[in-house]
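Novice: Give the three-dimensional model of this entry:
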Amino acid sequence: MTLIVSACLFTSLLFVANGASAAIEQASLPPQQEEELVPANLELTFPGPVDLARSTAILLDAQGTALPTGQPFLSGPEGSIFKIPLDPSMAPGLYILDWRVLSMDGRSAEGQYKFRVDP
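Specialist: Predicted coordinates for the structure are as follows:
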């Protein structure tokens, strides 16, 4: 399996933001080495620190069924990268990550991140 990320991954992002500190800057899957089939984490990057305790991410398959992920965590400057661990045995198909992030200053953003795992 290789991971194919669909159409810049921003086509389905929806924002509900009251200011710049909660707006997403980048959504990405880290570069993979050939032997890795599914990336370890999906990453959402924001311009400021994220409130991890009040932020959520739900991974859905193409039928809308919620799938397990690892516990989200923060990295990067001031905790501005929201990372969601993925199951390395994900089957081929379309996936959607529904996310909602609250910044440390109380502003929020939410959206969907679509990606595909191909055989």
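
Novice: okay, CA-based contacts and neighbour counts for the rest of this
Specialist: Will do.

Novice: tell me the SS of Ile24?
Specialist: coil (DSSP: H, G, I helix; E, B strand; the rest coil).

Novice: who's in contact with it?
Specialist: By CA atoms under 8 Å, 6 or more residues apart in numbering, Ile24 lies in contact with 44-47, 109.

Novice: Count residues in the vicinity of the closest residue to Val38 other than its chain neighbours, would you?
Specialist: Closest residue to Val38 apart from its sequence neighbours, by CA to CA, 6 or more residues apart in numbering: Pro88 at 5.2 Å. Residues within reach of Pro88, counting by other CA atoms under 10 Å, total 12.

Novice: Now do Ser89, the pLDDT please.
Specialist: Here, the pLDDT recorded for Ser89 equals 89.

Novice: ok, back up a step: which SS class is the residue nearest to Val38?
Specialist: Pro88 ends up coil, using three-state DSSP.

Novice: Now it. Its backbone dihedrals?
Specialist: Pro88 has phi and psi values of phi -70, psi -10 when expressed as degrees, to the nearest 10.

Novice: From what I see, it and Asn41 are in contact.
Specialist: No. Counting by CA atoms under 8 Å, Pro88 does not reach Asn41; the two are 9.6 Å apart.

Novice: what bridges to Lys114?
Specialist: Legend: beta-bridge partners of Lys114 under DSSP bridges are Ile96.

Novice: Which pLDDT value goes with Ala22?
Specialist: Ala22 carries a pLDDT value of 63.

Novice: now Ala27
Specialist: Reported pLDDT for Ala27: 76.

Novice: next structured bit after the helix or strand encompassing it?
Specialist: Ala27 is part of strand 26-28, with elements assigned from DSSP states H and E. Next along the chain after strand 26-28, taking DSSP H and E as the criterion, comes strand 41-45.
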